[in-house]
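Novice: can't give you the sequence, but here's the structure:
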């Protein structure tokens, strides 16, 4: 089942959207600058300068901190693909020079060992993340090459990939990365270089995982000595990454290595549930889905489809967030989705987006994009403040009034990761195959692409996500027959489609309403998705959500913040789900559709000092509530927030 | 406010109750035997034999394991107060001989140091619990002396108390116990000996606590070395007690000593919330309430009343359990009462019973007995299986089908503690002051006591807790005027009282309906407490119980077990609280009143693989449910259980 659908090139998609464009601009003009300053301040760039002799002092940060520089370069490269930003371009060029110079003659690149104990190279896979960093370098290089037609970073990436390829394999260094990332990067590198070695190496890393003897199991005793020894700076130890992440998480209750945390418990093709560290898992399966676009492997496909289903039907928050447990940043068990200590790491959302997109490209099924959309508009977007300068590493579904966003983190994986997803939004809006064009996301934009051999310009206009009306105008260079598919989101229970003003009845297939005909210049398709405010409930096995409802409208999940409500939000009882109404307002933050409805609330005075009371004696009074989109949470100072509202 | 009410002597109360008597017999005849066998098998008795040279080998168990022997002696002594049991008496006598012989010439007694490093005596108060064990020895001695008019153990206790009194104090060893217990014991020892030194020593330990400089804070660094060093056997380390309990729990987030865990954060008289390890806290405040029965101290009374209110109105499960968090076996924060990982240790229930009883004796207010009753019939009684051989250390309000009771524990504090409460049940049924008799618990029983100078026999008959009708017949030696008070439980919203068949209207005072008159031989008082099955809800701040209801009837809290229900209990939605009905049946376990009602349940088939669905699309079907008293949980194999039922 080689990949069926491809994204148009990023530079061919021009986003004009009133919802997304301001966010993309903030990302380009504020967040990338802000992140650069932090990479500067926290030593990430200085580590490279130290390698090339431009700065003094010791290595700073967690050993895998190089990755954040690479993610930043990747995000900035996407930004530069569509927007000219000379200041940003200069910064990118400077960083590129540093990276180029820092690379060792043999292709190796990982500043932690280059500045410290060089003999540590390729000796600790569980913990050191050299391969993870290499992966991010390669992804940045592919992005930079595609965006700017510039080979500088790609040469570095190839040299590093060759260095790895020479060393790793069944008869060589028979090891796998502790933190997956290089697999997807190698598939992408293969796509721009046509060098099959990279694809094979990706296949090796994917398929070696979970097989006995586990190279990670063998490393574990040594790892503990490493942690015990004074191998890390006080700062590194205090940051907690070295201890939390690796020792206990890879062992079962009896203390034996189980590998679950790093998806090393059994071969991927035999895995049945998404397990362990959510970012690792998402990266691995995103890579598998990409790899399967190049290589037929039915067992592996069945596995990755089964795993995706497990994630979506058992282990995903209503916001699209994944990895419910903070300790280990991990998946736990089916239906275990606590709200107030939901972890739902921003990076995990990014990886689930990559995975879902790759599954879509592989299969053409809309369900993958439904989930991608849910993550994008909710769990992921919640990870950055509206002004682009404050982040959430985790994205809980309930917070108290002490909760707040942060400017930066010791392990700052999330900010540049989120930026690279936003900066590449254009990749997710459309997809095409030989004779078909798909509209996956509803975003005002223009794409120039080729379908059935003809160049076509597609102009999409919408006020989505506030409104479900979408207009698409086609301008093929000449009348051409092709299929035009519109994703019918899983949340849309009513929708209409019209071509040139004439209603068209279409039965959706694989989640798409597809119209196939000879399209003329000026053809105009209108699709209207009903966006009723809806109360949703969770499966009865989700204990954390029992007797609670979440509010949803279109792709957006809503939350309630104390600041908008006259009563503490966790006291509000959704008394009448039919009372929900939606209203666009400019007066909340940068403008949004809010939800309003009727609630009841217990009389707190009446409770006095009682802890338990007969139900019949409790009186409730009517009140109203206001909900805002979840992504906009925690943008107005510290205020309590809930996603799930009491039903009784 | 010296103590106003006293319990009649245990041997003066004969329990004939159809609910309690079988449980007391099981306690005497099965549990005490079973516990003796475990004390034999786990080395607790052998440690004493080793000290006197009757056994070889090293000390076994946790250092404070002596306490379980003492608690067992205390329980057995109560049992022997009312029932002749020669086999048990022989065992007690043998244990007493061992204890007597083991005591050092200078009065010291703690087998851990006597068998090991003698120089460790009185050097580690945070961890070693010598004073805690001494407290339990003294309590056992007081119980034994009162029950059997035998001074052997009391002599040991006095020698040990004198040993301690000589060494501890402001100008001597200025230390306090890490685990409170000796305070209450010293007050009780004072009561049987009239030796004021013991009361003063109790006052010193109570008042020294929480004052700077904290002796425990000073011990902490040393303590960590002790734990690090090979000071403990592998078994001791694996049991977890040495690590879990002491290091982190006594420090705040910054690592500074905060003492909260051991109620050492500020002087008792300044404390505002019940904090830390729940058993420690309960023991301390039980001691304070006992001490205040002997010594006037208004500030201290205000504190202990404030603390009791905090516990009852913010930090107590509906079952009466306290200490919600397993890690540290501790109180957490107001309204934090998780159900599935509720800790609610059996020993903490015992300590809260002691505390509440002492508060009642001090004040005569029925609210304390209301809480005592709730704990007794629910959180405490749940700690032992109906057959008396399996225990729960913790008493969660929700368990899955892997949960089960245990025969014994490495730290086996709970089994003998529970046994000593049950064996002394007679102490809690009645209370008297100079001219007043109170019926505190409704238990079929006969008490012979003295009120207003006249000997009175009181015969109480009831089917409580299954039925709220109670008859009391009085037989004063001669017609005598006194006040007879009946506790009107907080759960009783309707009740009637009649004297010799004539209804009497009484306005309750301090929780008691009191009839004062000249009583004649054969006077008969009937009180009828309405026992309607009731759904109760928790304060809106209790997040774990939001949109849930618990079922209660009379003093009993109910639970639902899968074994009685056609649907998984955590799926059941209480659709109509008015549908609740109560029915006595012999067919469940040893016979009990069960609750039945109407529920609805979502159609699981309909959910298929969905994780979230619009509320409107979810259909529910009607079903019925059965609930059993919480105390009877987990007596029919492994089956899921809930106390709190969904309301939506």
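Specialist: Cool, the structure landed. This is a predicted model, so every value here is computed, not measured.
Novice: Run through chain A and note the low-pLDDT ranges.
Specialist: Across chain A, the ranges flagged by pLDDT under 70 are A:1-3, A:228-229, A:240-247.
Novice: Quick check: residue A:121 touching residue A:113?
Specialist: Yes - if you go by C-beta atoms under 8 Å, residue A:121 and residue A:113 touch, sitting 5.1 Å apart. C-beta: built from backbone N, CA, C; applies to glycine.
Novice: Any chance you could list residues touching both of those two?
Specialist: Common contacts of residue A:121 and residue A:113, defined by C-beta atoms under 8 Å, 6 or more residues apart in numbering or on different chains, comprise residue A:130.
Novice: Comparing the two, which shows the higher neighbour count?
Specialist: Neighbours of residue A:121 and residue A:113, each counted by other C-beta atoms under 10 Å in any protein chain shown, are more numerous for residue A:113; the result is 21 against 17.
Novice: Would you agree that one is in contact with residue A:120?
Specialist: Yes - at 4.8 Å, residue A:113 and residue A:120 qualify as touching, with contact defined as C-beta under 8 Å.
Novice: Can you pull the residues that touch both of the two?
Specialist: What both residue A:113 and residue A:120 touch, as defined by C-beta under 8 Å, 6+ apart, is the set residue A:128.
Novice: can you list the residues of the stretch 501-648 of chain A near chain B?
Specialist: With the criterion set to C-beta under 8 Å from any C-beta of the partner chain, the stretch 501-648 of chain A comes near chain B through A:534-540, A:542-543, A:546-550, A:570-571, A:573, A:577, A:602, A:604, A:607, A:609-616, A:618, A:646-648.
Novice: Tell me which of these fall in helices.
Specialist: The members of these that map onto helices under DSSP state H are A:604, A:607.
Novice: Indicate the residue of the stretch 401-550 of chain A located nearest to chain B.
Specialist: Among the residues of the stretch 401-550 of chain A, residue A:547 lies closest to chain B, at 3.4 Å counting by C-beta to the nearest C-beta.
Novice: Count the neighbours of that residue for me.
Specialist: 20.
Novice: Backbone dihedrals for the nearest residue to residue A:208 once chain neighbours are set aside, please?
Specialist: Of all residues not flanking residue A:208 in the chain, residue A:176 sits nearest, at 5.2 Å (C-beta to C-beta, 6 or more residues apart in numbering or on different chains). Torsion angles at residue A:176 (phi, psi; degrees, to the nearest 10) stand at phi -130, psi 160.
Novice: show me what contacts residue A:176?
Specialist: By C-beta under 8 Å, 6+ apart, the neighbours of residue A:176 are A:125, A:205, A:208, A:209, A:215, A:216, A:264.
Novice: so which two of the residues you listed are the farthest from each other?
Specialist: Spanning the widest gap among those are A:205 and A:216, at 12.8 Å by C-beta to C-beta.
Novice: wait, doesn't residue A:267 sit right on residue A:211?
Specialist: Yes - counting by C-beta under 8 Å, residue A:267 does reach residue A:211; the two are 5.6 Å apart.
Novice: what helix or strand is the most centrally placed residue in chain A on?
Specialist: With the centre of chain A defined as its mean C-alpha position, the nearest residue by C-alpha atoms, centre = their mean is residue A:350, 1.2 Å away. In the assignment (DSSP states H and E), residue A:350 maps to helix A:346-363.
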